[in-house]
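Asker: Structure for the following, please:
(one chain, ligands or ions: 3)
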Amino acid sequence: MPSPQSAAPHPGVPRHLAVIMDGNGRWAERRRRPRLIGHRAGARAVNVCIDVCLARGVEALTLFAFSSENWGRPEEEVGGLMKLFLAALEREVDELHRRGVRLRFIGDRDRFQPDILARMRDAEARTAGNTSLHLTIAASYGGRQDIAHATRALAVEVAEGRLRPEQIDEAAVARHMALADLPPPDLFIRTGGDHRISNFLLWQLAYTELWFTETLWPDLDATLLDAAFADFANRERRFGLTGAQIRSAQAGTDASPSADRIDA
Ligand code: IPE
Ligand code: IPE
Ligand code: MG
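Answerer: Ligands and ions are numbered 1, 2, ... in the order given. Model (predicted):
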């Protein structure tokens, strides 16, 4: 009997949550403040989101912080965002480590300044053995770029004679995509009122449940995340199968121990 791609060990809570943190600029503009004030408030909301995920037993959290397209914003905003990013790394990593969070980054690192890059590497190395929450920050990330990189890696394997073209299947592509060692996101949340993916995890979101809210990212609180989790808990994920097939697979799963947590 086919089984769902990932089972949530905590009933109703996604194992892997992916978030587009949108609306910082509008949050500030509504207050007649510079957009960077909104980004600063957005950094505080990141902590709220992490707190709730730790409290509710979410195992993996992937946050879209800066897209490959966001480099095209005015120089002043990009520069301000980079300063905020560096400051957040300096301020938050000790505490995340203390709380057992493993921190990693996905995206094109070549575009970051050396001081930010060094902090990113250091944070990843220090927290590599942690397991309470697998936190991934997508920065300078684009879903199309992710697919292009995976394609290039496969082409190199073929060119070097390590892979035959007929061996390229979904599993081979998946091995080279970002987040390859995590189950795909169960739930996707986008704040800020827009209903689009904006080049986030194009491959990985194939069967993710999508949830949108008008709330702007800096206004995020536990009540909003719990509302998303409650909605998620009531969805029937069919993965292309029939409802009857899914229900009988779940009846079988309920009798057996729940899936292991994600390893470090
Ligand atoms: C999301 O907020 C943060 C980044 C893209 C860096 P925005 O800056 O996109 O905020 P809005 O959508 O303009 O309100
Ligand atoms: C998506 O938001 C990227 C991040 C939140 C980091 P954008 O604000 O860049 O997306 P669009 O431009 O509204 O599609
Ligand atoms: Mg936006």
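Asker: Am I right that P14 falls within a helix?
Answerer: No. Per DSSP: H, G, I helix; E, B strand; the rest coil, P14 lies outside any helix segment and is coil.
Asker: Can you tell me how far it is from F64?
Answerer: 16 Å (C-beta to C-beta, to the nearest Å). Heads up, the C-betas are built off the backbone N, CA and C, glycines and all.
Asker: Could you do I50 as well?
Answerer: As judged by C-beta to C-beta, I50 and F64 stand 15 Å apart.
Asker: the more surrounded of those two?
Answerer: Between I50 and F64, F64 has the larger neighbour count (other C-beta atoms under 10 Å), namely 26 against 20.
Asker: so the spatially most central residue of the chain is in which element?
Answerer: Closest to where the C-alpha atoms of the chain average out (C-alpha atoms, centre = their mean) is T62, at 1.8 Å. With secondary structure defined by DSSP states H and E, T62 is part of strand 60-67.
Asker: strand partners of that strand, parallel vs antiparallel please.
Answerer: Applying DSSP bridges, strand 60-67 is found paired with strand 16-20 (parallel), strand 133-141 (parallel).
Asker: Would you mind pointing out the helix or strand I116 falls in?
Answerer: Element membership for I116, per DSSP H and E: helix 114-127.
Asker: Any idea how far that helix is from the middle of the chain?
Answerer: Mean C-alpha position of helix 114-127 versus that of the full chain (C-alpha atoms, centre = their mean, to the nearest Å) differs by 19 Å.
Asker: residues from the stretch 151-264 of the chain in reach of ligand 1?
Answerer: Applying C-beta under 6 Å from any ligand atom, one finds that the stretch 151-264 of the chain approaches ligand 1 through G192.
Asker: all strands of the stretch 151-264 of the chain, in order?
Answerer: Assigned by DSSP state E, counting those that start in this stretch, the strands in the stretch 151-264 of the chain fall at 187-190, 209-212.
Asker: most tightly surrounded among these?
Answerer: When the strands of the stretch 151-264 of the chain are scored by mean count of other C-beta atoms under 10 Å, the highest mean neighbour count falls to strand 187-190 (a mean of 24).
Asker: residue of the stretch 151-264 of the chain with the smallest distance to ligand 1?
Answerer: Here the stretch 151-264 of the chain gets closest to ligand 1 at one residue, G192, 5.2 Å apart by C-beta to the nearest ligand atom.
Asker: Just the pLDDT for that residue.
Answerer: Looking at G192, its pLDDT reads 98.
Asker: Check R261 too.
Answerer: We have a pLDDT of 84 for R261.
Asker: Just give the closest residue to it, not the sequence neighbours.
Answerer: The shortest distance from R261 to any non-neighbouring residue, by C-beta to C-beta, 6 or more residues apart in numbering, is to E59 (5.8 Å).
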